[in-house]
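In: My questions concern the predicted model and sequence given below.
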Protein chains: 2
Amino acid sequence: MSIEQDIQQKAFKSPYTKAVVNIMYTNNWLCSLQSDLLKRYDVTLQQYNVLRILRGQHPNPITVCGIIERMLDKMSNASRLVDKLILKDLVIRKECPHDRRQVDVIITDKGLDLLAELDNQQSEWEAALHKLTPEEALTLSHLLDKLRGSAE
Amino acid sequence: MSIEQDIQQKAFKSPYTKAVVNIMYTNNWLCSLQSDLLKRYDVTLQQYNVLRILRGQHPNPITVCGIIERMLDKMSNASRLVDKLILKDLVIRKECPHDRRQVDVIITDKGLDLLAELDNQQSEWEAALHKLTPEEALTLSHLLDKLRGSAE
DNA sequence: GCAAATTTAATGTAAAAACATTTGATGTCA
DNA sequence: TGACATCAAATGTTTTTACATTAAATTTGC
């Protein structure tokens, strides 16, 4: 069923309003799916995102500022998020040699192992997305870029 | 710039992963925009969504359960959200005649006025979305429905 | 070189969310 | 009817988020 039925709304004011509501609704749908999966590994969605950013840099370190820049939702407590990951031995903090204000963060082997494990699980839920063809998925991305005014 | 540049990622594993990340990124972009607007009126995004649900029913009441069903992100504390709205005189609680477990919630005139005011403001930020044509906005919605397996 | 401004990360605090439990009301069925 | 399951809403508790402030290091301009 379509978005109107999902949230039991009769009609939307404009195709734009409808698209916006649909993005938010779909986002929540995706987050729920993914959180359920991550919960089994005792990682939150935010922690998972930070881990993926760190893996993207590995074996290079990245500063807390760098993490915030790359995060999907910029928030101020990346610092505390790193704290949580350190408690689980998934990352380590290292002092930054050339600027002592900054703090380098690096993913540990344990963190990489966890991500590898999660990659496998991901295929399980990614299969749920294959109701779109690869071309449609790209079109979707392109439209979102354009919506944000980020299209080239 | 496209999503890759926005979050400084080189490439995505698949068009599906890219679409999912883009949905989440765009959702955050939209929420920030909208929250900034709502903040001036001392309403949160969640409270705003509940108010719109209530307006959709007006002049009929709706139960707390009904609100949760229609919310974009189902959470358990719709009850407390209603509390907040009552404090601001935007809604009222009424006992439900035929089932004393349930509680009817109705939007007040003050609530309707606030929404009307916000509707005007909305056009301001909706203009930001007109980089898409109406047809593209509909295509976007359709692809999202299909992604969730909700296409007809 | 030094004071002021800026940057980086951490921390304090209040509000909100997530999750479980409780309370009261209704439905079910022997 | 009465025990038991179910349901609706509220409440308790812990964790997370949002927002502001602080502390230390670096940069800038004079």
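Out: Yep, it's here.

In: Give the buried residues for the worst-scoring helix or strand of chain A on mean pLDDT.
Out: The weakest-scoring helix or strand in chain A, judged by mean pLDDT, DSSP states H and E, is helix A:3-6 (a mean of 73). Under the neighbour-count criterion of 16 or more other Cβ atoms under 10 Å in any protein chain shown, helix A:3-6 has A:3-4, A:6 buried. For the C-beta atoms, the positions are set from N, CA and C on the backbone; glycine is no exception.

In: for stretch A:34-42, same thing?
Out: A:34, A:37-38.

In: which residues sit against it?
Out: Residues outside stretch A:34-42 that contact it (Cβ atoms under 8 Å, 6 or more residues apart in numbering or on different chains): A:44-45, A:48, A:88, A:114, A:117-118, A:121-122, A:124-125.

In: Drop anything exposed from those residues.
Out: A:45, A:48, A:114, A:118, A:122.

In: now, the most widely separated pair of those residues?
Out: Greatest spatial distance in the buried ones among the contacts of stretch A:34-42: A:L45 and A:L114, 14.1 Å, computed using Cβ to Cβ.

In: mind listing the strands for chain A?
Out: A:62-63, A:91-95, A:103-107 (DSSP state E).

In: ok, which residues in chain A are in contact with DNA strand D?
Out: Neighbours of DNA strand D within chain A, by Cβ under 7 Å from any atom of the strand: A:44, A:46, A:73, A:75-77, A:80-81, A:84, A:98-101.

In: Next step: the residues you listed restricted to helices.
Out: Those of those mapping onto helices are A:46, A:80-81, A:84, per DSSP state H.

In: Which of those residues are buried? Put it as a ChimeraX command.
Out: In ChimeraX syntax, the buried subset of these is picked out as below (16+ other Cβ under 10 Å):
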select /A:46,81,84
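
In: Could you single out the nearest of the ones in helices among the residues of chain A next to DNA strand D to DNA strand C?
Out: Nearest to DNA strand C, judged by Cβ to the nearest atom of the strand, of those is A:R80 at 5.2 Å.

In: where's the closest one relative to A:T44, distance?
Out: Using Cβ to Cβ, to the nearest Å, A:R80 is found at 12 Å from A:T44.

In: How many neighbouring residues does the residue lying closest to A:E135 once chain neighbours are set aside have?
Out: Excluding its sequence neighbours, the residue lying closest to A:E135 (Cβ to Cβ, 6 or more residues apart in numbering or on different chains) is B:P15, at 7.9 Å. Neighbours of B:P15 under the rule other Cβ atoms under 10 Å in any protein chain shown: 19.

In: Equivalent analysis for A:S141, please.
Out: Residues near A:S141, counting by other Cβ under 10 Å: 24.

In: That one contacts B:Y25, correct?
Out: No: if you go by Cβ atoms under 8 Å, A:S141 and B:Y25 don't touch, sitting 10.0 Å apart.

In: intersection of neighbour lists for these two?
Out: Common neighbours of A:S141 and B:Y25, using Cβ under 8 Å, 6+ apart, are B:I3.

In: Pull the residues that contact stretch A:54-72.
Out: Looking at stretch A:54-72 with Cβ under 8 Å, 6+ apart, the contacting residues turn out to be A:49-50, A:53, A:74-76, A:78-79, A:82, A:91, A:94, A:96, A:102-107, A:111-112, A:115, B:7-10, B:21, B:24-25, B:28.
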